[in-house]
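>>> Any chance you can model this:
(one chain, ligands or ions: 2)
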Amino acid sequence: MIQMYHVHMSYGPDNPALVDITLRVDKAEFVFITGPSGAGKTSLLRLLLLAERCESGQILVFGQNVARIKESQVPYIRRRIGVVFQDFKLLPTRTVQENVGVGLEVLGKPRRETAKKSMEALRLVGLEHKANSYPLRLSGGEQQRVAIARAIANDPPILLADEPTGNLDPVLSREIYDLLTEVNARGASVVVATHDIGWVGRTQKRVIRVERGRVVSGGIREN
Ligand SMILES: Nc1ncnc2c1ncn2[C@@H]1O[C@H](COP(=O)(O)OP(=O)(O)O)[C@@H](O)[C@H]1O
Ligand SMILES: [Mg+2]
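Ligands and ions are numbered 1, 2, ... in the order given. Predicted coordinates:
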């Protein structure tokens, strides 16, 4: 589903962010990317999202080499990848349901389909009853669940989450983690970047460890 081979990326000369990254995430796999702050986790996810480009190497997403893809093709790849951020990034002036439907709306889906799919996604995260609320009236944990509903509303085969529990206490973090596990169980490949490794080890999930821009362990699944 995701493969990177010898990927290098930098923010300008003498500022390498990722060095010789080789990794693989299979279909319907759940993988953590861990490492200290500044290790390159966000840069790695941004490469997969095509928000950044690499200098060299190959990046295969859905079997396509996206490292060299034309800019005009980017939206077609991106719409099949859901993303969740640490700071939720919800629109404060739109209702919860509108926030969840925003991606579908951009794709030009009929209004009825957008409404139906966003309610389904809200049901999955347990927030159907908040559909008409505004995001800022919700707790942090609820806001992140709305962001997850938005990310999965279009049923993407890949879900990327960058420090999704960074603003949440341990109990809410656990809820978010359970929800991401459920998304994974429904068939999506889920990649979660987090510097907080305290609880990651206990989950039995594969961990790709990144330090100073390099994969130091776990890049390829061993079985
Ligand atoms: N937009 C940017 N411009 C310049 N340097 C950046 C930028 N974003 C990240 N970096 C640098 O790239 C390295 C990796 O950062 P990042 O991918 O954000 O790491 P992490 O998510 O693991 O904390 C760091 O040294 C960081 O300072
Ligand atoms: Mg980061």
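>>> Contact residues of the chain facing ligand 1?
The chain has residues 11, 15, 17, 35, 37-43 near ligand 1, with proximity defined as Cβ under 6 Å from any ligand atom. Using the backbone N, CA and C atoms, a C-beta is placed for each residue, glycine as well.
>>> ok, now with 8 Å
Proximity of the chain to ligand 1, by Cβ under 8 Å from any ligand atom, involves residues 11-12, 15, 17-18, 35-46, 162-163, 193, 195, 210, 213.
>>> Backbone torsions only: list them for A153.
The phi/psi pair for A153 (degrees, to the nearest 10) reads phi -60, psi -30.
>>> show me what contacts the residue lying closest to I2 once chain neighbours are set aside?
Distances taken as Cβ to Cβ, 6 or more residues apart in numbering put V25 closest to I2, at 4.2 Å, once the chain neighbours are dropped. V25 makes contact with 1-3, 31, 189, 191, according to Cβ atoms under 8 Å, 6 or more residues apart in numbering.
>>> again, 10 Å this time
1-4, 31, 33, 48, 61, 158, 189-191, 206, 208, 219-221 (Cβ atoms under 10 Å, 6 or more residues apart in numbering).
>>> Please list only the buried members of those residues.
Buried members of the contacts of V25, counted by 16 or more other Cβ atoms under 10 Å: 1-4, 31, 33, 48, 61, 158, 189-191, 206, 208, 219.
>>> Sitting in strands, which of these do you find?
Among these, the members found in strands (DSSP state E) are 2-4, 31, 33, 61, 158, 189-191, 206, 208.
>>> In this structure R221 contacts Q3, no?
No - using Cβ atoms under 10 Å, R221 makes no contact with Q3, being 11.7 Å away.
>>> Might you calculate how far the one helix or strand E113 maps to sits from the centre of the chain?
Remark: E113 resides in helix 111-124, with elements defined by DSSP states H and E. Distance of helix 111-124 from the chain centroid (Cα atoms, centre = their mean, to the nearest Å) equals 20 Å.
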